[in-house]
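Enquirer: pasting the sequence and the predicted model now:
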Amino acid sequence: MQPVQKISKQRKRKRRSHHALKPAHYVRCPQCASPKLPHVSCENCGYVNPGLALQIEQESAE
């Protein structure tokens, strides 16, 4: 069955205006100043907050 009325491009695009992807928010790590996601441990140094740091195993280059 076909639609009764054609939906205009403007009306369709207004409806979908909030579907766009939002850019990821990054903050600087206070310990090593590399970019990281907020509330997540730093991938570079493992820093989480002043009382906690995660141990990261270093890969050996063979």
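Expert: Thanks, I have it.

Enquirer: isn't V27 right up against S34?
Expert: No. If you go by Cβ atoms under 8 Å, V27 and S34 don't touch, sitting 10.3 Å apart. Quick note: C-beta positions are derived from backbone N, CA and C, even for glycine.

Enquirer: which residues in the chain form helices?
Expert: For the chain, helices defined by DSSP state H occupy the ranges 9-15.

Enquirer: now the strands for it?
Expert: 27-28, 35-36, 47-49, 52-53 (DSSP state E).

Enquirer: K36: how many residues sit nearby?
Expert: For K36, the count of nearby residues is 20 (other Cβ atoms under 10 Å).

Enquirer: and stretch 20-31, how far out from the chain's middle?
Expert: 6 Å (Cα atoms, centre = their mean, to the nearest Å).

Enquirer: quote the end-to-end distance of that stretch.
Expert: End-to-end distance for stretch 20-31, by Cα to Cα, to the nearest Å: 34 Å.
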